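Trainee: For reference, the sequence and a predicted model appear below.
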Amino acid sequence: MPDTSPFPPHTGILLLNLGTPDSPTPSAVGRYLKEFLMDKYVLDNAFFYRLFLVYCLIVPKRKKTSAEAYAKIWNERGSPLLSYSQDLAEKVASLLPEIPVSLAMRYGRPSLEDGIQELVQAGVKHVVLFPLYPQYAESSTRTSVEKCESIIKKQFPHLQLSSLPAFYDSKYYIDAVTEVSKPSFSEQYDRVLFSYHGLPERQLTKLDATKKYCLKDSSCCESINEKNRNCYRAHCYSLTRSLVKTLGIPEGKYSVAFQSRLGKTPWIKPYTDKVILQLAAEKKKRVLVMCPSFVADCLETLEEIAMAGKENFEAHGGGELVLVPSLNAEDVWAKAVVSIVSEKIKKNTESFQEGECVKFSLPQEISAEEKNELEGKIGIIDGYHTINNVVHYSVLVDHFPQEKKGTYFLLPEHYLQKHTETKH
């Protein structure tokens, strides 16, 4: 049984995935696509142009064909993404019997409001949000975190929220993917294709503060550095390098591509559908396709790769194209989720007796609004002084209930660079 001691009292975990329609019908799929595509981080056009694109062009054209695609993967439990996510949440909860766990979707149901409300009803005061996206992107991670923050601020202002970052480099995650994928490697293969969800190139380049690095040459994602630490493409290539090593894939026997592009704007290259046709033309006999931007099999893996991709590969002279299963709700993945969350909690949580004075440092002074917000989370800021442009704050932990083992609080991500000392 995992150690739950790092979890502060009244902590709950909210697992969050992207979403799925309620049913494989044009009306349900259309409703889902409108919510999804109207997100400013998904289609980053001006609002009225986005409104025109979504309601007048994209949804009327795509809802029927998308519904037909969803119908191909729908099973007795409904959406595979939803059922796998529900099973995962149940397994995580069974591993952490004292910690409430709920599930939500960024779009569709169960909604974020539903997931948060479930935790509140279980007595949770601190929500740990785990966006189930291995790589960071504004169209997945950022929109999910901001939506959760907005809901809590408006509807649950008493709650404290912290979110987990992208976990593409987590040993627990990489080991889980490796273990789940290994059975597919038991037979000979000619090629491994790592197929990640695509993004418009502009969504990468706009995060490059220098405007001189991102996609300027082929080496920009060869390693993670300060310039690309939040780059989706860099995260994908980093994960690929890790999995190539743990799975023992020889150099020259794997490729990286990006799928699911929409519209005519340039997306990250190379494109998966074109790479599949290229591999077919090379008469590859057995190609394994891994989709590590998805932790659960869904439309993009089950239909786009395992059905349409396989059909195109075989129709153009290829041999066998095999989809490597996602993590879904495998036991090793549930255990990895618990380990990732526990590690995050341990790094951010400090324990102090009531009345102790905590000192920490920030690179600049905080505003009155930020001071009030921070005081509501950790204690009364009773003074600060500045040395070499670094502000040192003293916080008196005096408003928490008495606890035998001390008072806990979770510092927000941007307060991690701190030093503490106590005095009585």
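Mentor: Great, that's in hand.

Trainee: got a list of what R109 touches?
Mentor: D22 (CB atoms under 8 Å, 6 or more residues apart in numbering). Bear in mind the C-beta positions are built from the backbone N, C-alpha and C, glycine included.

Trainee: now do D169
Mentor: Taking CB under 8 Å, 6+ apart as the test, what D169 contacts is 224, 235, 238-239, 242.

Trainee: in which helix or strand would I find L103?
Mentor: Using DSSP states H and E, L103 sits in strand 101-108.

Trainee: list the helices and strands that strand packs on?
Mentor: Under the contact criterion of 3 or more CB pairs under 8 Å, 6 or more residues apart in numbering; DSSP states H and E, strand 101-108 touches strand 11-20, helix 26-37, helix 80-95, helix 112-121, helix 143-155.

Trainee: circling back: which residue in the contacts of D169 has the weakest pLDDT?
Mentor: By pLDDT, I224 ranks lowest within the contacts of D169, coming in at 93.

Trainee: Let me know the distance separating that residue from S242.
Mentor: The gap separating I224 from S242 is 11 Å, by CB to CB, to the nearest Å.

Trainee: returning to that earlier point: okay, the helices and strands packed on strand 101-108 in CSV with mean neighbour count, distance to L207 and mean pLDDT next?
Mentor: CSV is the format used below for those (neighbours: other CB atoms under 10 Å; distance: least, CB to CB, whole Å; pLDDT from 0 to 100):
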stretch, mean neighbour count, distance to L207, mean pLDDT
strand 11-20, 25, 20, 97
helix 26-37, 19, 21, 98
helix 80-95, 20, 27, 98
helix 112-121, 19, 24, 97
helix 143-155, 17, 14, 94
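
Trainee: Same list (these) but as TSV, adding distance to F194.
Mentor: Listed next are the helices and strands packed on strand 101-108 as TSV, based on distance: least, CB to CB, whole Å:
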stretch	distance to F194
strand 11-20	20
helix 26-37	25
helix 80-95	20
helix 112-121	30
helix 143-155	24
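
Trainee: closest one to K344 among the ones you listed?
Mentor: strand 11-20 (10.5 Å; CB to CB).

Trainee: Quick one: list the elements packing against the closest one.
Mentor: So strand 11-20, by 3+ CB pairs under 8 Å, 6+ apart, packs with helix 26-37, helix 80-95, strand 101-108, helix 112-121, strand 126-131, helix 143-155, helix 331-348.

Trainee: tally of neighbours for H316?
Mentor: Residues near H316, counting by other CB atoms under 10 Å, number 14.

Trainee: So what does the closest residue to it other than its chain neighbours look like in phi/psi?
Mentor: Nearest residue to H316 in three dimensions, chain neighbours excluded: A280, at 3.9 Å (CB to CB, 6 or more residues apart in numbering). Main-chain dihedrals, A280, degrees, to the nearest 10: phi -60, psi -40.

Trainee: the domain parsing of the chain - what is it?
Mentor: Per the record, the chain has its domains at 11-167+331-346, 171-323, 353-415, by automatic domain parsing.

Trainee: Any stretches of the stretch 201-350 of the chain with poor pLDDT?
Mentor: Along the stretch 201-350 of the chain, the parts satisfying pLDDT under 70 run over 347-350.

Trainee: try 80
Mentor: For the stretch 201-350 of the chain, the stretches with pLDDT under 80 are 346-350.

Trainee: And the strands in it?
Mentor: 254-259, 286-290, 320-323, 349-352 (DSSP state E, counting those that start in this stretch).

Trainee: any idea which of those is most buried?
Mentor: strand 286-290 (a mean of 23; mean count of other CB atoms under 10 Å).

Trainee: in its sheet, what does that one sit against?
Mentor: Note on strand 286-290: by DSSP bridges, its sheet partners are strand 191-197 (parallel), strand 320-323 (parallel).

Trainee: tell me how far the last one is from the chain's mean position?
Mentor: Strand 320-323 has its C-alpha centroid displaced from the chain centroid by 26 Å (CA atoms, centre = their mean, to the nearest Å).

Trainee: which other residues reach that strand?
Mentor: 184, 189, 276, 285-289, 291, 297, 301-302, 305-306, 309-310, 313-314.

Trainee: Got a quick ChimeraX command for the buried subset of the residues you listed?
Mentor: A single ChimeraX command selects the buried members of the contacts of strand 320-323 (16 or more other CB atoms under 10 Å):
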select :184,189,276,287,288,289,291,297,301,302,305,306,309,310,313
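
Trainee: what about the most centrally placed residue in the chain, which SS state?
Mentor: What sits nearest the mean C-alpha location of the chain, by CA atoms, centre = their mean, is Y133, with 2.1 Å. Following DSSP: H, G, I helix; E, B strand; the rest coil, Y133 is assigned to coil.

Trainee: Which residue comes closest to it once chain neighbours are left out?
Mentor: Nearest residue to Y133, sequence neighbours excluded (CB to CB, 6+ apart): S140, at 4.4 Å.

Trainee: pretty sure the one you found is touching E146, no?
Mentor: No - with contact defined as CB atoms under 8 Å, S140 does not reach E146; the gap is 11.5 Å.

Trainee: Show me what the residue nearest to L112 when sequence neighbours are not counted bridges to in the sheet.
Mentor: With CB to CB, 6+ apart as the criterion, L112 has its nearest non-adjacent residue at 4.7 Å, and that residue is A104. Beta bridges link A104 to L16 when assigned by DSSP bridges.

Trainee: Could you check how far A104 is from E98?
Mentor: Counting by CB to CB - A104 and E98 are separated by 21 Å.

Trainee: Kindly report the same for F130.
Mentor: 17 Å.

Trainee: the more surrounded of the two?
Mentor: When neighbours are counted by other CB under 10 Å, F130 comes out ahead of the other of F130 and E98, with 20 against 8.

Trainee: Spit out the contact partners of the closest residue to that one other than its chain neighbours.
Mentor: Among residues not flanking F130 along the chain, L164 sits closest, at 4.9 Å (CB to CB, 6+ apart). Neighbour list for L164: 128-131, 340-341, 344 [criterion: CB under 8 Å, 6+ apart].
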